[in-house]
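In: how does the following fold in three dimensions:
(one chain, ligands or ions: 2)
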Amino acid sequence: MKLAAELSHYALYALMIGMPLLGWAMLSASAYPVELYGGIYLPAILPQSDSLRTLLWNAHFYLAFAFFALILMHVAAALFHALVRHDGVFEAMAPVPIRDDGTRVEYTAAE
Ligand code: HEM
Ligand code: HEM
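Out: Ligands and ions are numbered 1, 2, ... in the order given. The predicted model follows:
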């Protein structure tokens, strides 16, 4: 389980960084500009090339589905920790205040 968690976290980081780069590279190979907010354009990172564009499109498309599958598995694993194992792993990431022993701070009306 530790190995699966570590590998999936590396894969999540790789896809979080890689997907936008693939999108940018794909548009560069299409000779299509990437416009940020306010009329600021990113420079092309690849020369125009139909074959590169096809390759990058396929990579961007299929890796996106792998990314979505991984996110679903990741959320399922987080819920497994929270609802089945009750081991404090979910609380380490969830945006709720926790005590040193891993239990949640329950707010009352007086607070
Ligand atoms: C985590 C980030 C991203 C994810 C998960 C993602 C996912 C996807 C998916 C699933 C498609 C296929 C849509 C379809 O045709 O059915 C797609 C298409 C596309 N993406 Fe992304 N994308 C991401 C980031 C980006 C970025 C940063 C750019 C541009 C800078 C970009 C540019 C494009 C373009 C241009 C297409 C359409 C390609 C075409 O059909 O000509 N993507 N993306
Ligand atoms: C409902 C949504 C999510 C929940 C509840 C959740 C929960 C968690 C939990 C419990 C951990 C483990 C924290 C620990 O090791 O103590 C974790 C780690 C991580 N999550 Fe999520 N997560 C969610 C969505 C996402 C998404 C959408 C991504 C990426 C696209 C992501 C990327 C990561 C990464 C990369 C780590 C490893 C952090 C590290 O230790 O370096 N998570 N998440």
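In: okay, and the spatially most central residue of the chain sits in which element?
Out: The chain has residue 16 as the residue nearest its centroid, 4.2 Å off, counting by Cα atoms, centre = their mean. Per DSSP states H and E, residue 16 falls inside helix 2-29.
In: partner strands of the next helix or strand after that helix, with direction?
Out: Going down the chain from helix 2-29, the next helix or strand is strand 34-35, by DSSP H and E. Paired strands of strand 34-35, with direction, are strand 41-42 (antiparallel) (DSSP bridges).
In: buried ones in the helix or strand hosting residue 55, by neighbour count?
Out: Using DSSP H and E, residue 55 maps to helix 50-80. By 16 or more other Cβ atoms under 10 Å, the buried positions in helix 50-80 come out as 52, 53, 56, 60, 63, 67, 70, 77. (Glycine included, C-beta is placed from N, CA and C.)
In: for that helix, which helices and strands make contact with it?
Out: Applying 3 or more Cβ pairs under 8 Å, 6 or more residues apart in numbering; DSSP states H and E, we find helix 50-80 packed against helix 2-29, helix 89-93.
In: tilt between it and helix 2-29?
Out: On the basis of axes from the mean of the first three to the mean of the last three Cα atoms, to 10 degrees, helix 50-80 is oriented at 150 degrees to helix 2-29.
In: mind listing what residue 103 touches?
Out: Contacts for residue 103 (Cβ atoms under 8 Å, 6 or more residues apart in numbering) come out as residue 91.
In: give me the pLDDT for it.
Out: Residue 103 carries a pLDDT value of 71.
In: same deal with the one 5 residues further on?
Out: According to the model's per-residue confidence, residue 108 sits at a pLDDT of 62.
In: so what does the helix or strand of the chain with the lowest mean pLDDT touch, helix or strand wise?
Out: The least trusted helix or strand in the chain, going by mean pLDDT, DSSP states H and E, turns out to be helix 89-93, with a mean of 81. Counting contacts by 3+ Cβ pairs under 8 Å, 6+ apart, helix 89-93 packs against helix 50-80.
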